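A structural model of the following input is requested.
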Amino acid sequence: MKDMLTKQSEKESRTGTGEYSRIEIGSGVVPALSNDESDDDEVVIVFHDEENANDDNVTSSQERCSGWDLLRLCMAVTTALGLLMLQNSAIFPSSNGKGNSNGRIIDSTVRIFIDTDHLLAHSAGTSNSDNGGHGYGCVSVDFWPASKCDYGRCPWGGASSLTLPLTVPNSDPNDGSDSDGDSDAAMHEMRLRKALQALSAKPAGPFILRLGGSTGDLVRYNTSEDVHCTTFSEFDDKMCLGYNISTGCMSLERWDAINTLCTTDSVNMDDKEGRYDGCKLVFGINGIYGRTKLPCDPPSTTCWITEVGHDDMPECCFAFEGEWDSSNAQALMQYTHDKGYQVWGFEYGNEMAGFGGVQIRLDPDMYVRGMCEMKRLIDTIWSDVEPDQRPRIIAPDSAMDPKWFTSMLKKSQDSECLPHVVTWHQYLLGAGVDPDVGDRCMNPTVLDRQLEEAGISQSVVHDEENAGSMDWMPELWMGETGGAYNSGRHMVTDAFHGSFWYLDSMAILAVKGHQAFCRQTLIGGNYGLINTTTFIPNPDYYALMLFQRLMGERVLHTTVHGGKGYIRGYAHCSRNDAADGSITLLLINLSNTAMFHIAVNDDESLEAGDLELSPSNNWLEQYDRTEWVMSSTSLDSQQVILNGGSFLEPSPTGDIPSLPGLFVPISSSGNSNKLLLHPHTYALIRFENSNVGICNDRP
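Numbers count the residues shown, from 1 in each chain. Now for the predicted structure:
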């Protein structure tokens, strides 16, 4: 027999109501009730016959209780039954977050096989430079103004890289004013900088901060009086992006402030103990500057991509003439060099490649001519340093078109301007307006498409037949993805729901030879890692933080036996602060009702169907482990819980929780060979001192 106790409350808030405390019953952890004595609170008790638990025959009886007194009674009864009748209870919160909880449990074992003899891939890049290394994590800050709206929602606020609250080091964030607006701006800046700092905490290594996006091809740089630099125009549905060409203006003062984001000595961010690695700044250069937009006939033709749709756009919407004018980019680069700013790389335009183009569609010849001109600028301006110390060339930042990408790579190699990094963009879950976006997040078939799409990109960029003719093998990045395009979907891509596709995609692309994964966005839209209004982290921020800190750059081949696709498993050598030879395993449970026993081993000789492992074959019986288990009260929650504790929240001044793991020594683990992965949870498990040879030999 098993019992399941779930509490469902619709009254969760960002202020902390509904915080959890731990109630131990057998081996399970249950949420304690909040102080809100609402009749809406409900407990579901399911008594489940473990012996008959399988896909075809599940027997259970279920009672529902509502009201505070009944809730207490239900909990007391369940506790008593647990103590008297149940030796190994399994308890988990119901998941009402647009899913359901019908009391059905698929109680089976999933075996995770980890190949510890062969290295599958490296998930971080060095780009041929000793000081050019970067981590796998990457976050984007876009240029979209507050007037950017999709489907009647305007979720960008002041999150544009042109308007974020940023000041220059050693200046007063309040600028001498005590107004509420300035005070809020100072607090938001502090929270933003501390969130960036926490992502770069050692041993994660420097992550990538990308400033770019579609409207980056509209923005001009106010480097002199000769540049016509204006704010974004009023909305115009005759333009693909909704704004007129060459509107949007970045001042040099704004560029100064942006360049402080990746330093460890920025405003109130002193790092005297060397605990942080900062970040690597990547900036998207305007690739349309100097080109002339040709009119449509009739002039009233609607080109706004959100309304018309990318595939149905009239060709005239993308019609330009003329070559790229590099003068504005040159002035910005020269200023950057003279100020000593460290820009890791420049992207040449955003989504300008062929049919994947959003505002303009360039053929490979036209694109490569502009990219080669950008390389010439970089080589000339940074001629005082060695080539591998100069900003890298990143291209083409567009949806994957194998034929176009292959042609671009060949032409760029022939023209001696091969990019250092090849990036592609993807929005796996479709349009943000689609109500099925949330279901796609949890659908194994949808997520498995990532294997195919990432594999195609890997084969195009890392083609072994072409490798011998290239000056170097470019790094391969996911250059931009936010799950759902057109600003994401509220309460999905900015909630706990989004963590499942996000972690799964990051892990799959690491398996498929990618060296970075750029999330759209750090802040802004309905897919930001940070709330646009409060500047408090959303759940996906903590998902990235854990991935950065725990999953090292060495990727191991991992096979999941059982789980019918709902259990996802990925293993890396642990980050280099862990004991030598340790491995970290990422586990994801997509099911809203199924709880699984997990067994882990590295013995491929065992039969795939032999899911029940003896202690001598099960890592859970061989090694101490540290666990980071993440859950929430519902999928649409914007708060997350670590190891059954309370909601993770930054301090009032923006300090990010440290995310300590739960250490489980084998001597006290008892029934540890059946680690339980609850519905709609994910976990990172580090096997301490596992002494795996290919993880011991660190570069």
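
tell me where the protein has helices.
68-85, 180-199, 252-258, 305-308, 327-339, 364-381, 402-414, 437-441, 444-461, 464-467, 498-511, 539-550, 619-622, 693-696 (DSSP state H).

could you export the ones you listed as CSV, including mean neighbour count?
Just so you know, the C-beta spots here come from the backbone N, C-alpha and C atoms, and that holds for glycine as well. Below are those laid out as CSV (neighbours: other CB atoms under 10 Å):
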stretch, mean neighbour count
helix 68-85, 15
helix 180-199, 19
helix 252-258, 18
helix 305-308, 17
helix 327-339, 18
helix 364-381, 20
helix 402-414, 19
helix 437-441, 22
helix 444-461, 17
helix 464-467, 10
helix 498-511, 25
helix 539-550, 24
helix 619-622, 20
helix 693-696, 16
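
show me the shaky parts of the chain.
1-107, 125-132, 169-181, 264-274, 466-469, 577-579, 604-615, 667-674, 697-699 (pLDDT under 70).

let's go with 80 and repeat that
Scanning the chain for pLDDT under 80 picks out the ranges 1-107, 124-132, 168-181, 203-205, 263-275, 464-471, 576-580, 603-617, 667-674, 697-699.

separation between residue 357 and residue 441?
Residue 357 is 28 Å from residue 441, where distance means CB to CB, to the nearest Å.

one step back: for the helices of the chain, which one sits closest to residue 216?
helix 327-339 (11.4 Å; CB to CB).

spatially central residue in this protein, please.
Centroid-nearest residue in the chain, with CA atoms, centre = their mean: residue 519, separated by 4.6 Å.

other SSEs contacting the longest strand seen in the chain?
Determined from DSSP state E, the single longest strand within the chain is strand 108-122. If contacts are counted by 3 or more CB pairs under 8 Å, 6 or more residues apart in numbering; DSSP states H and E, strand 108-122 sits against helix 498-511, strand 551-561, strand 567-574, strand 583-589, strand 596-601, helix 693-696.

how about the ones you listed in TSV, adding distance to residue 391?
Converted to TSV, those look like this (distance: least, CB to CB, whole Å):
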stretch	distance to residue 391
helix 498-511	24
strand 551-561	23
strand 567-574	29
strand 583-589	33
strand 596-601	43
helix 693-696	33
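
of those, which approaches residue 618 most closely?
Counting by CB to CB, and looking across all of the helices and strands packed on strand 108-122, nearest comes strand 596-601 at 5.3 Å.

could you check the angle that closest one makes with strand 583-589?
Counting by axes from the mean of the first three to the mean of the last three CA atoms, to 10 degrees, strand 596-601 lies at 160 degrees to strand 583-589.

okay, the angle between strand 596-601 and strand 567-574?
Using the same axes, to 10 degrees: strand 596-601 against strand 567-574 is 40 degrees.

make 42 the first number, not 1, from now on.
Sure, I'll start numbering at 42, so the last one becomes strand 637-642.

who does strand 637-642 touch, helix- and strand-wise?
Looks like strand 637-642 contacts strand 149-163, strand 624-630, helix 660-663, strand 716-718 (3+ CB pairs under 8 Å, 6+ apart).

quick one: strands adjacent to the first one?
Each strand that pairs with strand 149-163, with its direction, by DSSP bridges: strand 592-602 (antiparallel), strand 637-642 (parallel).

how far does the shortest one sit from its chain's centre?
Between the centre of strand 637-642 and the centre of its chain there are 26 Å (CA atoms, centre = their mean, to the nearest Å).

I'd say the residue nearest to the centre of the chain and residue 571 touch.
No: counting by CB atoms under 8 Å, residue 571 is not a contact partner of residue 560; they are 11.0 Å apart.

common neighbours of those two, please.
With contacts defined as CB atoms under 8 Å, 6 or more residues apart in numbering, no residue is shared by residue 560 and residue 571.

how about the contacts made by the residue nearest to the centre of the chain?
With CB under 8 Å, 6+ apart, residue 560 has these contacts: 178, 179, 180, 181, 522, 523, 543, 568, 570, 581, 585.

among the residues you listed, name the buried ones.
Buried members of the contacts of residue 560, scored by 16 or more other CB atoms under 10 Å, are 178, 179, 180, 181, 522, 523, 543, 568, 570, 581, 585.

so the fifth one bridges to which residues?
With DSSP bridges applied, the residues forming beta bridges to residue 522 are residue 560.

count the residues that sit near residue 617.
15 (other CB atoms under 10 Å).

for it, which non-adjacent residue is spatially closest?
residue 244 (5.3 Å; CB to CB, 6 or more residues apart in numbering).

please verify my assumption that the one you found contacts residue 616.
Yes: assessed by CB under 8 Å, residue 244 is found in contact with residue 616 at 4.4 Å.

between the two, which contacts overlap?
residue 590.

the two: who's more crowded?
The neighbour comparison of residue 244 against residue 616 (other CB under 10 Å) goes to residue 616, with 20 against 15.

quick check: that one touching residue 177?
No: the criterion here is CB under 8 Å, and residue 616 misses it with residue 177 at 10.8 Å.

ok now stretch 428-436, how far from the chain's centre?
Worked out by CA atoms, centre = their mean, stretch 428-436 lies 24 Å from the chain centre.

could you give me the buried positions within that stretch?
Neighbour-count burial for stretch 428-436, with 16+ other CB under 10 Å as criterion, is recorded at 431, 432, 433, 434, 435, 436.

and those as CSV, adding distance to residue 452?
Below are these laid out as CSV (distance: CB to CB, whole Å):
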residue, distance to residue 452
431, 22
432, 21
433, 19
434, 14
435, 17
436, 11
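
circling back: pick the most deeply packed of the strands paired with strand 149-163.
Highest mean neighbour count among the strands paired with strand 149-163 (mean count of other CB atoms under 10 Å): strand 637-642, with a mean of 24.
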